[in-house]
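Participant: What would the 3D arrangement of this be:
(one chain, ligands or ions: 1)
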Amino acid sequence: MAIIINEVSRTFNEYLIIPGLTRKQHTPDKVNMQAPMVRFKKGEDPAITLNIPFVSSIMQSVSDSGMAKALAKEGGVSFIFGSQSIKDQCRMVRQVKNYKAGFVESRANITPESTLKDVIALKQKTGFSTIGVTEDGTATGVFCGLITGRDYRENRDSLDKKVKDFMTPINDLIYAKNGITLTEANDIVWDHKLNTLPILDENQRLVYFVFRKDYDSHKLNPNELSDVNKRLVVGAGINSRDYAERVPALVEAGVDVLCIDSSDGHSEWQKGTIEYVKREIGKHVLVGGGNVVDKEGFLYLVEAGADFVKVGVGGGSICITREQKGIGRGQATALIEVAEARDAYFKATGEYIPICSDGGIVQDYHMTLALAMGADFLMMGRYFARFDESPTRKLLIGGNYVKEYWGEGSNRARNWQRYDMGENDNSNSLKFEEGVDSYVPYAGKLKDNIDVTLGKIKSTMCSCGVSSLKQLQSEAKLTLVSSTSIIEGGAHDVMVKDAKN
Ligand code: IMP
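Facilitator: Numbers count the residues shown, from 1 in each chain. This next block holds a predicted model:
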């Protein structure tokens, strides 16, 4: 007979937080949200400390370079999805590492030989009215000039007019050399009353534009997570098949942290991957493992050398693994057991291995619960998929704006490596779906939403009388709630005027 665990496995919705003593010093502005991301020894600092305990899921519909830049600016990390070619994934990593606040890569470019008709079409397609003119029409070609709305009259000029005949040529423009600081660039913009300052390299190739209109948004973001060279921190997903080629390429592209993306991390495939990376590519290469839902799975990956361990099977919003295979565990119970194992391991060895709660976060208070239950940081897909910065389309459905969100185990993503059981049939295909293709309500800008979410978490932490995540883990009091109390938790026995709020 199988081993039967009679304890019910529970999820976040079944718990509430009991307020503690709030002292006068407990105000949200004094709450520290920093969290260790990777393994460290007692008395030392981890190689990466998150400024907010959020990372975005290793998913096509969530984490591309746009999401990674936006989240790192707020203090978290994105894991660029691995279900794409090594080349494309490395390109996304480079886009994040090359990002410099205020320096924008030109997104609309044309050649001098193109016509006004081409310019109008490009403007319509991209929505940008400032167009870089380069010899080969690329964003990094040899710079010839600039076109703005002031260089032509759409209804008067001949559509056949050549770009070279109406652009503002380089000789009439003020430009700056690559390597200039943002403050210096802004000074030039202001001193010369420019709207756009092209930044060129030593071969006169276009590198960036600095725009006057961006000036205000350049103010440093206090939570920005950057490396020693002041470049944004970025992660990437890997798999247990092509790691020997993928990992060196990602490291070369500048990735800061890796994570094996798998629905079941308690496996020899995963152990082999971590050991190979540490042995053959470098001990310093940071790699997380997962997902696991119990102490055994956690310790197995820790012994293999994982720098953090991800917890959660079957709880994701787009996940149908539990229906399809009957495996998984209530996220709260899984997290509590693994957090206990992490603490015991730390006590016994002096090594702290952070754990990441992955999937199943619906309400903002679930984040506080997960952190109180011992998660060092949280991986979320649905939460981030709703924002402008996620890579999917925004659509109007039934009068409401939505964004697309699909699972890595859905037919749309076909990420067979994530569900790979090591068969030797080499069919390289998804045998059956473990995820769905869906919509999530559109929620606007990442920054606005994160500000509100953090505000709620910090406020709860003040109610608990704690001012750091470590303290929350050790001092918060949680209680299980009955199904009737859950009903009591929402508005009840009243007629809500505006159901949307
Ligand atoms: P969410 O935050 O509840 O939307 O869950 C996101 C998490 O679900 C991801 O970080 C993955 O661990 C997991 N996941 C992603 N795609 C799939 C899938 O197709 N099936 C099952 N789980 C998935």
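
Participant: tell me the phi and psi of the residue nearest to A443 when sequence neighbours are not counted?
Facilitator: Spatially, and ignoring its direct neighbours in sequence, A443 is nearest to R386 (3.9 Å; C-beta to C-beta, 6 or more residues apart in numbering). Heads up, the C-betas are built off the backbone N, CA and C, glycines and all. According to degrees, to the nearest 10, the main-chain angles of R386 amount to phi -80, psi -10.

Participant: Name all residues that make contact with R386.
Facilitator: With contact taken as C-beta atoms under 8 Å, 6 or more residues apart in numbering, R386 is in contact with 403, 405, 440-443, 449.

Participant: Of those residues - the most surrounded one?
Facilitator: Y405 (26 neighbours; other C-beta atoms under 10 Å).

Participant: what does whatever helix or strand it lives in contact?
Facilitator: Applying DSSP states H and E as the criterion places Y405 in strand 400-406. With C-beta under 8 Å, 6+ apart as the test, strand 400-406 has contacts from 59-62, 317-318, 381-382, 385-387, 390, 392-396, 412-413, 435-442.

Participant: Give me the nearest residue to the closest residue to the ligand within the stretch 251-400 of the chain, chain neighbours excluded.
Facilitator: Nearest residue of the stretch 251-400 of the chain to the ligand: G316, at 2.5 Å (C-beta to the nearest ligand atom). Sequence neighbours aside, G359 is the residue nearest to G316 in space, at 3.6 Å (criterion: C-beta to C-beta, 6+ apart).

Participant: where does that neighbour land on pLDDT?
Facilitator: pLDDT, G359: 96.

Participant: hang on, the earlier thing: and the ligand, is the strand holding Y405 touching that?
Facilitator: No. Strand 400-406 is not in contact with the ligand by C-beta under 6 Å from any ligand atom; minimum separation 7.3 Å.

Participant: which residues touch the residue of the stretch 251-400 of the chain closest to the ligand?
Facilitator: By C-beta under 8 Å, 6+ apart, the neighbours of G316 are 358-360, 381-382, 407, 435.

Participant: among those, which are in strands?
Facilitator: Among the contacts of G316, DSSP state E puts D358 in strands.

Participant: export the contacts of G316 to CSV and tack on distance to K325 and neighbour count?
Facilitator: Compiled in CSV, those are given as follows (distance: C-beta to C-beta, whole Å; neighbours: other C-beta atoms under 10 Å):
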residue, distance to K325, neighbour count
D358, 17, 29
G359, 15, 24
G360, 17, 26
G381, 19, 28
R382, 21, 21
G407, 14, 28
G435, 12, 28
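
Participant: near the ligand, from the contacts of G316?
Facilitator: With the criterion set as C-beta under 6 Å from any ligand atom, the members of those near the ligand are 358-360, 381-382, 407, 435.

Participant: and the residue nearest to G316, what are its phi and psi?
Facilitator: Per-residue torsions, G359: phi 90, psi 150 (degrees, to the nearest 10).

Participant: need the residues of the chain near the ligand, please.
Facilitator: Checking the chain against the ligand by C-beta under 6 Å from any ligand atom, the hits are 57, 59, 316-319, 321, 358-361, 379-383, 407-410, 434-435.

Participant: hmm, 5 Å instead?
Facilitator: 57, 316-317, 319, 321, 358-360, 379-382, 407-409, 434-435 (C-beta under 5 Å from any ligand atom).

Participant: how far away is K325 from D264?
Facilitator: K325 sits 9 Å away from D264, going by C-beta to C-beta, to the nearest Å.
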